[in-house]
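Trainee: what follows is a predicted protein model with its sequence.
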There are 4 protein chains.
Amino acid sequence: MKTRLAKAADTDPPLPVEDTKGRNRRQQILEAAARHFSARGFHATSMRDIAADVGFLVGSIYYHFDSKDALFVAVHGAAVDMMANAVQAALIDVVAPWDRLEAAAAAHCEALNGDNAFVGVVTPIFPVTVGELRNALAAQRDAYETMFMALIAELDLDANIDRNIFRLHVLSALNGTKFWYRPGGKTPSEIGRQLVSMLRPATAAR
Amino acid sequence: MKTRLAKAADTDPPLPVEDTKGRNRRQQILEAAARHFSARGFHATSMRDIAADVGFLVGSIYYHFDSKDALFVAVHGAAVDMMANAVQAALIDVVAPWDRLEAAAAAHCEALNGDNAFVGVVTPIFPVTVGELRNALAAQRDAYETMFMALIAELDLDANIDRNIFRLHVLSALNGTKFWYRPGGKTPSEIGRQLVSMLRPATAAR
Amino acid sequence: MKTRLAKAADTDPPLPVEDTKGRNRRQQILEAAARHFSARGFHATSMRDIAADVGFLVGSIYYHFDSKDALFVAVHGAAVDMMANAVQAALIDVVAPWDRLEAAAAAHCEALNGDNAFVGVVTPIFPVTVGELRNALAAQRDAYETMFMALIAELDLDANIDRNIFRLHVLSALNGTKFWYRPGGKTPSEIGRQLVSMLRPATAAR
Amino acid sequence: MKTRLAKAADTDPPLPVEDTKGRNRRQQILEAAARHFSARGFHATSMRDIAADVGFLVGSIYYHFDSKDALFVAVHGAAVDMMANAVQAALIDVVAPWDRLEAAAAAHCEALNGDNAFVGVVTPIFPVTVGELRNALAAQRDAYETMFMALIAELDLDANIDRNIFRLHVLSALNGTKFWYRPGGKTPSEIGRQLVSMLRPATAAR
DNA sequence: CATGAATGAGCATTCATTCAT
DNA sequence: AATGAATGAATGCTCATTCAT
C-alpha cells in the first residue's frame, strides 16, 4: 500500500525550518484544495479559492502543481491512501472472514464521513465522466478495491453470487452514505456494520 | 405516480404537425439537455451545447426555460417519473415481498443503465451540494423513494435492521451501477437481481 | 400649446366600447411605460416589463410603437404637454411679471414632483447623450421653454444679465429638484417659489 | 480635501518606466472609463469598450477593479476630488462672502464643462436610481457639498430663505450647465458668475 | 518561490426586435 | 390586434493558465 504523501515527514528527522517550508507549502495547498473540493465539488472550486486559503496568489499554485486536474489527482491519491491505511489498521487481529469485511466496512464508512477533508474527495462524484482525469482517479482506486476483493474472496458465498458484483454493490452502498449520512442518528461505523449484517448469512452469525 | 411529461404523447391521437411543433421544441430541448447533462454532468454542460444540439441559439432556450437550473430540474423530474413508471410496471402481478423488491431492483437498474438519457441524470451526482436546486431535486426524488419504503416495509427482516438504512443502502448500491456498469457482462437487470439475492434470507429463498 | 394626447378623448362624444379599445391599449402602454421609465430609467426598463404591466407579450407593443425609442419619445411628449398645461393653468389671472414667473416655477416644480408618472420622465436624465433620440426630446421641450422665455422677457432685469442664461439656470434649478426633493419638508410648490424669491430684486418685492 | 488619485504623480520625482507601469495601467483604465462614462453614460458603456480603449481584453479589467460599479465609483470619486481641488484653489485670497460664492461657482462650472473627462461623470445622471451604487456616489459628493454649505452659511441672506434649498438650487443650476452648455458663447466661468450675480442682493454689489 | 499582470476562451443571461400565424 | 417563437448580438463576469520579473 503506497502512502505517497506525508509519510516521509513522519519518519525523517525534523528538517530545519527553511528546508521544510517548501514541503509545507505543497502540503498546505493540498489541504486547502481538499477542503474546498470536498465541500463544494471540483467545478465549483476555483484555483483562486484554494490559493486564497493558503494565503497566496493563484499563479503560485502552478509552481507546485501543473494544473487543476493534477491538483485534484494529488488530493484524491492522498485520500485513497488514507482510507487504505484506516482499513488496514481496522483489520489487525480480526480473523473471521465476515468479521473482517464488517470491520473494513465500518472503517471505510467512518473515514468517509469523518472530518477528514481529503477523504471527502473520494466519493463517486467523479469530476468528469470521461477523459484522462477519470482514468487517473480510477487507477488510484484500484489498489484500494483490490483490498476489498481479497476480503471478499475469503467469504463463504452462495455459488451463484458473482464476487465482483458483490464487491461493487458493497462499495457503492458504502460510498452512497456520503450523500445521505447526517450526524445525529446512527454513527457511520454502525451504518457500515449494518450493511454487512444485511449480507451475512444466518449460518455465519457472530 | 404522476408522469408530468410525455403522457399526452402516449394517450392522445397523433396531432397534426403544426400543433405538435410547440410541444416538440420544448421536448427537443429537454432531450438534448438530458443527453448532455447525462454524458458530461451539469457543470460541464453549457447552455450553448444544448442549444446547438436542438439547432438554435442560446437565447432561444430561455423562451422555454427560465434558467439552466430550471432546465435541469425539468429533466430530472421527467427522469424520476420515467423510473417510477418503469418500477410500477415491473411490480404488476408480483406478490411475494422479496420478489417485489427484486423486481423493483431489476427495473430500477435496467432503467438507469438503459439508453434513456433522461435517467442518466438521476444518479447521485447532484450538481450542487447545497442550495435551492438541491432541494428541488430532493423533493422530486421523495415520491420515488417512498415507493421503495413501502416495498421494504413488507419485508420480513431481522429486528435489529433499521429499515431506513436498509433502503438507503439498497438504493445506493443500485445507483452505484451508473459508475461501473459496462455492457458486455451481466445485464443491468441481473445485476439488480443479484443485489436482492445477496440480501434475501435463506428462509425466503425462491 | 399642443396636447397631442388624450385631448380628443375629452371633447369627443364617448365612443362605443369596442372602438375605444384600440386607443385604450395604446394609452395603457404609454402609462405603463411612463411608470417604468420614471421609476427605473430608460435603460433599466425593458420592453418586457412594460408589456407585462399591460398584460400582454413583448411583441405586441410593436404593433403600437415602432421601437423603444419611439415609445419613450411618445411618453416624453405627453409629459411635456401635461407640464405645459399645468403651467398655463397656473398663469391665469396672474399679471405682475415676477409673480407670473413665481407661479410658473411653483407649477413646474409641483408637476415634476407630483405623482404623475409621465412627468417623471421629463428630468434632465436624457436616456442618451447624443443621437436622434436626444434631438427628438429636445424638440419636444422647445415649445415649453419658449413659454418660459416669454415670461422672462417681461422681467425687469439688470442690463448685464443674459436672459437666455437666466432661463436655463432657472429651469435647471427647478429640474434639479427631481434629484433631491423628498416629501416631508417644504412642498414642491414652496421650493419653486423660493427660487424666484432668491432672484426677485428687493424693489420688486411682493 | 483628499486627492486620492494622481497626487503622487504631481509631487514625486518621475519614476523609471518600469515602476510606473502598474500605476499607469490602473490609471489608464480609469481614464478610459471616465471618457466613456462621460460621453455615453453608465449603461451605454460596456466593459469591453473600456478595455478596448486601454488595449486589452475585458477580463483584464477585473484584475484592477472588482466590477463595473466599482470602476464607476472610482472614476466618480476621482472626479469629485478634482472638482473639490479646483474650487479650493479658486477660493484662495478671496474674502468677501458673495465673492467667495461667485469664485466657487465659476470654478465649479469651469471644471464641469472643461475637457476633463472625469468630471463629466459627476453630473446628476446617477446611473441607477436606487441601490448601493447610488449611496456610494452620494457619500462621495457629501464632502463636496459641505464645502458649499460653509460658503452659503456666511452669506447675508433674507431671513425667509432656507439655506439648504438655496444650496441645492445653486448646485442644480450649476450642474445643469452640463446639459446645455456649448462652447462658443459665454464661457463656463462667466455662466457660473452670472448665476451668483442673479442672486446677489443689490446692497452686496461688487 | 512567489507575485503581478494579463490572456483568451467561455458562461449564463438579457433584450430589442422580427415575423409568421 | 395580439401571440408564440425565435434571433442575434451584446453584457458583466469568471477562470484556468501563463510568464516575466
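Mentor: Good, I have the coordinates. Everything numeric here is computed off the predicted structure, so don't read it as measured data.

Trainee: can we go C-alpha only for contacts and neighbour counts from here?
Mentor: Fine.

Trainee: and stretch A:80-98, how far out from the chain middle?
Mentor: Computed by Cα atoms, centre = their mean, to the nearest Å, the separation of stretch A:80-98 from the middle of its chain amounts to 13 Å.

Trainee: give me the contacts around it.
Mentor: A:1-4, A:100, A:103-104, A:107-108, A:111-112, A:119, A:122, A:140-141, A:144, A:151-152, A:154-155, A:196, A:200, A:204 (Cα atoms under 8 Å, 6 or more residues apart in numbering or on different chains).

Trainee: between the two ends of stretch A:158-168, how far is it?
Mentor: Across stretch A:158-168, the terminal residues are separated by 17 Å (Cα to Cα, to the nearest Å).

Trainee: so does that stretch get close to chain B?
Mentor: Yes - Stretch A:158-168 lies within reach of chain B by Cα under 8 Å from any Cα of the partner chain, at A:Ile161, A:Ile165, A:Phe166, A:Leu168.

Trainee: now that stretch: buried residues?
Mentor: Neighbour-count burial for stretch A:158-168, with 16 or more other Cα atoms under 10 Å in any protein chain shown as criterion, is recorded at A:Arg163, A:Ile165, A:Phe166, A:Arg167, A:Leu168.

Trainee: now do that stretch, average pLDDT.
Mentor: Average pLDDT, stretch A:158-168: 94.

Trainee: which SSE is immediately downstream of the strand or helix carrying A:Gln27?
Mentor: Element membership for A:Gln27 (DSSP states H and E) is helix A:17-40. For helix A:17-40, the succeeding helix or strand toward the C-terminus, using DSSP H and E, is helix A:47-54.

Trainee: follow-up on the earlier one: can you list the residues of stretch A:158-168 next to chain B in CSV and add secondary structure and distance to C:Phe72?
Mentor: Formatted as CSV, these follow (DSSP: H, G, I helix; E, B strand; the rest coil; distance: Cα to Cα, whole Å):
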residue, secondary structure, distance to C:Phe72
A:Ile161, coil, 76
A:Ile165, helix, 69
A:Phe166, helix, 71
A:Leu168, helix, 66
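
Trainee: closest one of those residues to chain D?
Mentor: Closest to chain D out of these is A:Leu168 (45.7 Å), distances taken as Cα to the nearest Cα.

Trainee: show the contacting residues for the closest one.
Mentor: Applying Cα under 8 Å, 6+ apart, the residues contacting A:Leu168 are B:Ala173, B:Gly176, B:Thr177, B:Trp180.

Trainee: quick revisit: now the helix holding A:Gln27 and helix A:47-54, what's the angle there?
Mentor: When axes from the mean of the first three to the mean of the last three Cα atoms, to 10 degrees is applied, the directions of helix A:17-40 and helix A:47-54 differ by 130 degrees.

Trainee: before we move on, back to that, taking the buried residues of stretch A:158-168 together, which two end up most distant?
Mentor: Greatest spatial distance in the buried residues of stretch A:158-168: A:Arg163 and A:Leu168, 8.6 Å, computed using Cα to Cα.

Trainee: in stretch A:179-193, what counts as buried?
Mentor: Neighbour-count burial for stretch A:179-193 [16+ other Cα under 10 Å]: A:Phe179, A:Tyr181, A:Thr187, A:Pro188, A:Ser189, A:Glu190, A:Ile191, A:Gly192, A:Arg193.

Trainee: that older thread, selecting buried members of the contacts of stretch A:80-98 in PyMOL, what would you type?
Mentor: Per 16+ other Cα under 10 Å, the buried members of these correspond to this PyMOL selection:
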select buried, chain A and resi 100+103+104+107+108+111+112+119+122+140+141+144+151+152+155+196+200
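
Trainee: please list which of the contacts of stretch A:80-98 are also close to DNA strand F.
Mentor: With Cα under 7 Å from any atom of the strand as the criterion, the contacts of stretch A:80-98 include none near DNA strand F.

Trainee: what about the contacts of stretch A:80-98, which are in helices?
Mentor: Among those, the residues falling in helices (DSSP state H) are A:100, A:103-104, A:107-108, A:111-112, A:140-141, A:144, A:151-152, A:196.

Trainee: tell me how far the closest residue to A:Met47 other than its chain neighbours lies from B:Ala33.
Mentor: Closest residue in space to A:Met47, ignoring its immediate chain neighbours: A:Val58 at 6.1 Å, by Cα to Cα, 6 or more residues apart in numbering or on different chains. For A:Val58, the distance to B:Ala33 equals 33 Å [Cα to Cα].

Trainee: those two - which one has more neighbours?
Mentor: In terms of neighbours (other Cα atoms under 10 Å in any protein chain shown), B:Ala33 is the more surrounded of A:Val58 and B:Ala33; the figures are 29 against 16.

Trainee: which residue is the nearest non-sequential neighbour of that one?
Mentor: B:Ala33's closest residue in space is B:Ile50 (Cα to Cα, 6+ apart), at 5.5 Å.

Trainee: same thing with A:Glu154?
Mentor: Once flanking residues are discounted, A:Glu154 sits nearest to A:Pro97: 6.0 Å by Cα to Cα, 6+ apart.

Trainee: hmm, B:Gln28 and the residue nearest to B:Ala33 touching each other?
Mentor: No - between B:Ile50 and B:Gln28 there is no contact under Cα atoms under 8 Å: 9.6 Å.

Trainee: who's more crowded, those two?
Mentor: Neighbour tally, B:Ile50 and B:Gln28, criterion other Cα under 10 Å: the higher count belongs to B:Ile50, 24 against 17.

Trainee: pLDDT wise, what is the residue nearest to A:Met47 at?
Mentor: For A:Val58, the pLDDT comes out at 95.
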